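Undergrad: following is a predicted model, sequence given first.
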Amino acid sequence: MKMESKDIEILHIIEENGRVSLSTLAKMVDLTEDEVKQILKKLEDKKVILSYSAVIDWSKVYDHEGVTAMIDVKVTPQRGVGFDEVAERIYRFPQVKALYLMSGAYDLSVVIEGKTMQEIARFVSEKLSALDSVISTTTHFQLKKYKHDGVVFEEGEDDQRIVVTP
Amino acid sequence: MKQSVQTNNRLSEAVQRIQPSGIRKFFDLASKMDNIISLGVGEPDFVTPWNVREASISSMERGFTAYTANAGLIELREEISKYLYNRFQTAYDPEHEVLVTVGASEGLDVAVRAIVDPGDEVIVVEPTFVSYAPIVSLAGGIPVSVGTRKEDDFKLTPEQIEAVITDKTKAIMLSFPNNPTGAVMTKEELQAIATVIKKHDLLVLSDEIYAELTYDGEHYSFSRLPDMRERTILISGFSKAFAMTGWRLGFVTGPEDIVRAMLKIHQYTMMCASTLAQHGALEALRNGLDDVNKMVDSYRQRRNFVVKSFAEIGLPCHTPGGAFYAFPSIKETGLSSDDFAEKLLMTERVAVVPGNVFGEGGEGHIRCSYATSMENLEQAVERIGRFIK
């Protein structure tokens, strides 16, 4: 899809900060609020903007710690639909946060989030491995999150500069 | 009293003549306060791109800890030369026409010292970076100020230079995009200046440190104009474009005889720029321009926000075409620049720099750096709006 440069500029800004107000956004890209509203609606309608989300460090929220695992899945592609059908069957599970078709040693990379390791183990053995076209799974648990979606966790971001300079 | 006379006698007249930077007072005030939003900072809010930092760390690991050539690493001078040609279509011979300096500040100093004799007059276009006039004075020269005006979008006109040229005028210091006004000049506007410069056989020190931070068009380098290359010293550096202020790395280019003269001063004072920083700069030029573009996009958006927001709260501000400063007029408040900045700091805890510290034409304005986060800018605009109500 070909986009106008203002569309792309807006996408960059809201990708970095989805909470930016309409009036601020309009000033930043030198358009009126109505024009920006229209562009946002167009991008939402065309499913270029899929959702506005926050990156949250759940490990800091008491009782909300979870476990994330990345599972390498080898599958047998189906005649006529390739990997799409099995992919759809997998991504419909709410535990699946992301799913990618990969090149290389395995076919699908599945990102699962659960409350405990047991919950993830159960999902893998009872749901994922049980699918007919799944040949094998290899589960990798995430131990610590350093950077996610371009955001560095736990980085000191204080302004180190002196207050007034030439 | 006697004591102070003795002390003064120990100091050179040149040093006694110059005043400490007017910014100092605001720094002292602001640095003692908490929770202030600072628009007083003349440097990028980005950290130097990681690949540049990594290259510098790696250079140290590989043991590059010795002096480089006085003029700087030849690879770096070659890269500077390519960069200037690719970005601004100015061609310089890396062997004889490029000198790597300890920041653009040293570049300015050696440039002035290489060409100014005691008594020579140097035209300083104000409002401007605080160092120009003192550097001229320290070299024994006489700074002659020319004030640009808001009505001209802080651009310099040929008539303004003609009015101050005497038979002692040796050179003129230009700085576009400008700190603090953000003014830029087009090729045609620069050509009009060049005509006067040629007529009176002057030299030009063109400080183009903000060249990369130009928002509404291409930067036009002064030395590209016909007949200007042979009389222009171009001063630039890595601080602003590559967010490398603390590295202290700059460069000067110009005609061979002048660069040779500058090299003499540089080799007796600085010897060479930091080797570590030079390796970082090499990486910045080779692989850092994407980062520069991203930073420029971000500054442009913030500039748009600041200028429009100032207009909304009743602070008239011309649209700066470059650098990262807005220079709104505060005349309608009836306060002087100093009073405005001090009262704003005390009541709303927003630090800005009073325009008068940048010289003639700066009074009645404040300098607001938009090199800070959007959240800070939104907050600052709200507070300034409340203050001027």
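TA: Now that the structure is in, tell me what you want to look at. Numbers count the residues shown, from 1 in each chain, chains lettered A, B, ... in the order given.
Undergrad: the helix or strand of chain B with the lowest mean pLDDT: what's the following helix or strand?
TA: Least confident helix or strand, chain B: helix B:2-10 with a mean of 62, by mean pLDDT, DSSP states H and E. Next in sequence after helix B:2-10, counting helices and strands by DSSP states H and E, comes helix B:13-17.
Undergrad: in chain A, which spans are helices?
TA: In order along the chain, chain A carries the following helices (DSSP state H): A:5-16, A:22-28, A:33-45, A:84-91, A:117-122.
Undergrad: over the last one, what's the mean pLDDT, rounded is fine.
TA: Taken as a whole, helix A:117-122 has an average pLDDT of 96.
Undergrad: quick one, phi psi at residue B:48?
TA: Note on residue B:48: its backbone torsions stand at phi -50, psi 130 [degrees, to the nearest 10].
Undergrad: was I right about residue B:311 contacting residue B:317?
TA: Yes - in this structure residue B:311 lies within contact range of residue B:317 using C-beta atoms under 8 Å: 6.7 Å. The way it works is simple: take the backbone N, C-alpha and C, and place the C-beta from them, glycine included.
Undergrad: the two - which one has more neighbours?
TA: For residue B:311 versus residue B:317, the count of surrounding residues by other C-beta atoms under 10 Å in any protein chain shown is larger for residue B:317: 21 against 14.
Undergrad: spatially nearest residue to residue B:47, not counting backbone neighbours?
TA: In space, and not counting its chain neighbours, residue B:47 is closest to residue B:243: 6.5 Å by C-beta to C-beta, 6 or more residues apart in numbering or on different chains.
Undergrad: what do you get for residue A:91?
TA: residue A:99 (4.5 Å).
Undergrad: if the one you found is in a bridge, with which residues?
TA: Note on residue A:99: beta-bridge partners by DSSP bridges are residue A:110.
Undergrad: what's the spacing between it and chain B?
TA: 30 Å (C-beta to the nearest C-beta, to the nearest Å).
Undergrad: for residue B:132, what are its contacts?
TA: Contact analysis of residue B:132 by C-beta atoms under 8 Å, 6 or more residues apart in numbering or on different chains lists B:108, B:124, B:143, B:173, B:175.
Undergrad: I'd say residue A:147 and residue A:153 touch.
TA: Yes - counting by C-beta under 8 Å, residue A:147 does reach residue A:153; the two are 6.7 Å apart.
Undergrad: for the stretch 51-200 of chain B, which segments are assigned as helices?
TA: B:74-88, B:103-115, B:132-138, B:158-162, B:187-199 (DSSP state H, counting those that start in this stretch).
Undergrad: next, the buried residues of the first one.
TA: So that's helix B:74-88. For helix B:74-88, a neighbour-count test (16 or more other C-beta atoms under 10 Å in any protein chain shown) marks B:76, B:77, B:78, B:79, B:80, B:81, B:83, B:84, B:87, B:88 as buried.
Undergrad: just how off-centre is it within its chain?
TA: Helix B:74-88 sits 20 Å away from the centroid of its parent chain (C-alpha atoms, centre = their mean, to the nearest Å).
Undergrad: just the second one next, same as before
TA: How far helix B:103-115 lies from its chain's middle: 12 Å, per C-alpha atoms, centre = their mean.
Undergrad: do the same with the fourth one
TA: Its chain's C-alpha centre and that of helix B:158-162 lie 22 Å apart, by C-alpha atoms, centre = their mean.
Undergrad: contact partners for the residue of the stretch 101-250 of chain B found nearest chain A?
TA: Here the residue of the stretch 101-250 of chain B nearest chain A is residue B:130; by C-beta to the nearest C-beta that distance is 5.0 Å. If you count contacts by C-beta under 8 Å, 6+ apart, residue B:130 has them with A:166, B:21, B:22, B:23, B:357, B:358.
Undergrad: again with residue A:7
TA: Taking C-beta under 8 Å, 6+ apart, we find residue A:7 in contact with A:39, A:42, A:43, A:48.
Undergrad: list the contacts for the closest residue in space to the third one that isn't next to it in sequence?
TA: Just to be clear, that refers to residue A:43. Sequence neighbours aside, residue A:49 is the residue nearest to residue A:43 in space, at 4.6 Å (criterion: C-beta to C-beta, 6+ apart). The contact partners of residue A:49, by C-beta under 8 Å, 6+ apart, come to A:11, A:14, A:40, A:43.
Undergrad: do the same with residue B:29
TA: Residues in contact with residue B:29 (C-beta under 8 Å, 6+ apart) are B:342, B:345.
Undergrad: read off the pLDDT value for it.
TA: Listed pLDDT for residue B:29 reads 85.
Undergrad: what's the answer for the one 3 residues further on, then?
TA: Residue B:32 carries a pLDDT value of 87.
Undergrad: spell out which residues of the stretch 201-350 of chain B are next to chain A.
TA: Residues of the stretch 201-350 of chain B lying close to chain A by C-beta under 8 Å from any C-beta of the partner chain are B:297, B:301, B:302, B:304, B:305, B:308, B:309.
Undergrad: you'd agree the fifth one is up against residue A:25?
TA: No - Residue B:305 sits out of contact with residue A:25 when judged by C-beta under 8 Å, with a separation of 9.0 Å.
Undergrad: which positions within stretch A:13-25 qualify as buried?
TA: A:13, A:14, A:20, A:23, A:24, A:25.
Undergrad: endpoints of it, how far apart?
TA: Using C-alpha to C-alpha, to the nearest Å, one end of stretch A:13-25 lies 8 Å from the other.
Undergrad: next one: stretch B:225-236 to chain centre, how far?
TA: For stretch B:225-236, the distance to the chain centre is 17 Å (C-alpha atoms, centre = their mean).
Undergrad: swap in stretch A:43-50?
TA: 15 Å.
Undergrad: likewise stretch B:142-161?
TA: The answer for stretch B:142-161 is 17 Å, by C-alpha atoms, centre = their mean.
Undergrad: ditto for stretch B:279-288
TA: In terms of C-alpha atoms, centre = their mean, the centre of stretch B:279-288 is set 21 Å apart from its chain centre.
Undergrad: what's the mean pLDDT across it?
TA: On average, the pLDDT along stretch B:279-288 is 98.
Undergrad: contacts for it?
TA: Applying C-beta under 8 Å, 6+ apart, the external contacts of stretch B:279-288 come out as B:48-49, B:51-56, B:58-59, B:64, B:73, B:75-76, B:79-80, B:82-83, B:100, B:238, B:242, B:244, B:247, B:249.
Undergrad: show me what counts as buried in stretch B:330-344.
TA: Across stretch B:330-344, burial judged by 16+ other C-beta under 10 Å covers B:330, B:333, B:335, B:336, B:337, B:338, B:340, B:341, B:342, B:344.
Undergrad: how about residues contacting that stretch?
TA: Under the contact criterion C-beta under 8 Å, 6+ apart, stretch B:330-344 has outside partners B:26, B:29, B:314-316, B:350-357, B:362-366, B:383-384, B:387-388.
Undergrad: emit the PyMOL select command for whichever of the residues you listed are buried.
TA: Here is the PyMOL command that selects the buried residues among the contacts of stretch B:330-344 (16+ other C-beta under 10 Å):
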select buried, chain B and resi 26+29+315+350+351+352+353+354+355+356+357+362+363+364+365+366+383+384+387
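Undergrad: in strands only, show me the contacts of stretch B:330-344.
TA: Within the contacts of stretch B:330-344, residues falling in strands by DSSP state E are B:350, B:351, B:353, B:354, B:366.
Undergrad: where along the stretch 251-389 of chain B do the helices fall?
TA: Going by DSSP H, counting those that start in this stretch, the stretch 251-389 of chain B shows helices at B:256-269, B:275-287, B:289-313, B:337-348, B:374-388.
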